[in-house]
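Peer 1: sequence first, predicted coordinates after that:
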Amino acid sequence: MTPPARKYRAFPPIALADRQWPNRTIEQAPIWMSTDLRDGNQALFEPMDRTRKMRMFKMLCEIGFQEIEVAFPSASQTDFDFVRELIEGGHIPDNVTIEVLTQARPHLIERTVESLSGAKRAIVHVYNAISPVFRDVVFNMSKADVIEMAVSSVRQIRELTAAQPQTEWILEYSPELFSSSELPFAKEVVDAVTAEWGATPTRKVIINLPATVEMATPNVYADQIEWMHRNIKRRDAVVLSVHPHNDRGCAVAAAELAVMAGADRIEGCLFGNGERTGNVDIVTLALNLYSQGIDPKLDFSNINEIARTAEACTQLPVHPRHPYAGDLVFTAFSGSHQDAIKKGFSVRQPNDFWEIPYLPIDPEDLGRSYDSIIRVNSQSGKGGIAYLLEQHYGIVMPRRMQVEFSGIVQKKMDQNGGEFSAEDLWELFNLSYTETATAKTRYQTHELHTSGNQQGIDITVAQNGHTHRVSGTGNGPIEATMNALQIPMRIISFEERSVGQGADANAIAIVEMQGEQSGKSVFGAGIHANIVTASIMAVIAAGGRGCVA
């Protein structure tokens, strides 16, 4: 890529030589505020109607959000009416505080407070831009003008809300474009706002410091937050909030570092929806905490339903590789990944720490089944194939059989393309290893008897459409079967195990045999309620494959 044709301003690190955030860890969840119904909604090609907004609101409450920004009531009658419906319809749970947004303009503030009449508890969120480019270019205002706009707006809100004492009023103030503003000036504006509101430790103000447009690396934002955290007045009367946007693709990192830097609260949307590249993604943030053993205080134990509801409400798809929530995020197609995952599950004990290769958290914790973890396509290997057969059908193949069967699957995939389901693998397994692999000899019945010091067997088989009864003896039923059918091979390995549980359980026998002349080894499998019968069927299947080979 050629050097930029334009001049772009670089944002250097803040002069914070003794910064503390790099040495801190997040130990508890922040206060979460969902702006899906406001910031997220205004970014939609087709904003949500009343029905979809109500569905989204109820889901946010079920997830556990206790602060939800529901509308910009002065912007449209639709938003105003939705706030009224929430309040008058009794839709707001006792533990949920609704929030509404307004610009710092008198007639908009008046309309906003009017929309909240009768609410039990409400946050009035007011904002005005403070950055140099907005002061000089957009509004042509001095620093003093900007401070006066903020202070007079807070004064108006204080006076209007004082007339409605039945509601518990909370003020939130955002210096818009904070992250591209001068820190000393941002502090001056914030200090003037908290003074005007009369903020105290028992009557806190939410000071929200947005990266309205993400302009720098996450460490710069963390420095800005820590500087404000350490320097603003009345810090014990402030809930320090952040609202990161994702223009550089770093919003999640910026939010996490901001919490380490002193932020108490995060505003964002479920899957990162929002203007341009979006708001910070709260699902990712919350489940990042969960993966570190920290209770996020939000319930994503049914992530599939949450994703589908969000898609229905916003008409935006959740990307299949979205962290934690994507349909393919817990799915491994790679053969080496599948093998490692299978081995991780095989050794894990119930009370162990979760340490499964390639899986940062247990999919079951999000309401996902293990069915989708491993899927088979042309990139898959023996581990994934073996895993699917074991999980769905209880078939545990010997390692050499895994290697052989993966080659059979790969050849089939190269012919057909696409993806193999567990059912497809099961069908191919039967075609390859059980009696259906060859029509030459099929088991029908058998009888065992003693023949001196050996085991005798009489077997009825079908060959080429005709029934035959053959007999043989050996050290056991397997050798007796081989002698009866005159199979010119020797046993290399034999395994048997139960498949399923209870009265309907079957047994599977897997035998590996080697040709006396060719030296080639083949596998056969038999499945039957009786283990001896399964063993005989496995020998017949392997013998048939050996003869064909």
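Peer 2: Structure received. Numbering: from 1, shown residues only.
Peer 1: what's the nearest residue to Met54 if we skip its chain neighbours?
Peer 2: His91 (7.1 Å; CB to CB, 6 or more residues apart in numbering). (Glycine included, C-beta is placed from N, CA and C.)
Peer 1: in the protein, which helix or strand is least confident?
Peer 2: Using mean pLDDT, DSSP states H and E, helix 382-393 stands out as the lowest-scoring helix or strand of the chain, at a mean of 74.
Peer 1: could you say what helices and strands that one packs with?
Peer 2: Applying 3 or more CB pairs under 8 Å, 6 or more residues apart in numbering; DSSP states H and E, one finds that helix 382-393 contacts helix 335-347, helix 399-416, helix 422-433.
Peer 1: report pLDDT for Phe333.
Peer 2: Note on Phe333: pLDDT of 59.
Peer 1: quick one, strands of the chain?
Peer 2: For the chain, applying DSSP state E gives strands covering 31-34, 67-71, 97-103, 121-129, 168-176, 205-211, 238-244, 265-268, 442-451, 454-463, 466-474, 489-499, 506-515, 521-528.
Peer 1: what about Ala529, how many neighbours?
Peer 2: Burial of Ala529 is recorded as 12 neighbouring residues (other CB atoms under 10 Å).
Peer 1: so it touches Ile508, yeah?
Peer 2: No - contact criterion CB atoms under 8 Å: Ala529 and Ile508 do not qualify, at 11.0 Å.
Peer 1: who's in contact with Ile266?
Peer 2: Residues in contact with Ile266 (CB atoms under 8 Å, 6 or more residues apart in numbering) are 30-33, 241-244, 255, 258-259, 280, 282, 285.
Peer 1: farthest pair in those residues?
Peer 2: Using CB to CB, those reach their maximum pairwise distance at Ile31 and Pro244, which is 14.9 Å.
Peer 1: wait, Ile14 touches Tyr221, no?
Peer 2: No - with contact defined as CB under 8 Å, Ile14 does not reach Tyr221; the gap is 9.5 Å.
Peer 1: higher neighbour count, the two?
Peer 2: Using other CB under 10 Å, the more surrounded residue of Ile14 and Tyr221 is Tyr221, with 29 against 18.
Peer 1: before we move on, back to that, okay if I get the helices and strands packed on helix 382-393 as JSON lines plus mean neighbour count and distance to Gly472?
Peer 2: JSON lines is the format used below for the helices and strands packed on helix 382-393 (neighbours: other CB atoms under 10 Å; distance: least, CB to CB, whole Å):
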{"stretch": "helix 335-347", "mean neighbour count": "18", "distance to Gly472": "38"}
{"stretch": "helix 399-416", "mean neighbour count": "16", "distance to Gly472": "26"}
{"stretch": "helix 422-433", "mean neighbour count": "18", "distance to Gly472": "23"}
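Peer 1: out of those helices, nearest to Arg9?
Peer 2: That would be, of the helices and strands packed on helix 382-393 and by CB to CB, helix 335-347, which comes in at 42.5 Å.
Peer 1: can I assume Asn41 is in contact with Met48?
Peer 2: Yes - checked against CB under 8 Å, the pair Asn41 and Met48 is within contact range at 5.4 Å.
Peer 1: common neighbours of the two, please.
Peer 2: Residues touching both Asn41 and Met48 by CB under 8 Å, 6+ apart: Thr314.
Peer 1: how near is the residue nearest to Leu389 when sequence neighbours are not counted to Glu176?
Peer 2: Nearest residue to Leu389 in three dimensions, chain neighbours excluded: Ile395, at 4.2 Å (CB to CB, 6+ apart). Separation of Ile395 from Glu176 (CB to CB, to the nearest Å): 61 Å.
Peer 1: so for these two, which sits in the more crowded spot?
Peer 2: Ile395 (22 against 19).
Peer 1: report the contact partners of the more buried one.
Peer 2: 389, 426, 429, 499, 508.
Peer 1: what about the closest residue to the third one other than its chain neighbours, distance to Lys343?
Peer 2: The spatially closest residue to Phe429, leaving aside those adjacent along the chain, is Leu389, at 6.4 Å (CB to CB, 6+ apart). Between Leu389 and Lys343 the distance is 15 Å, computed by CB to CB.
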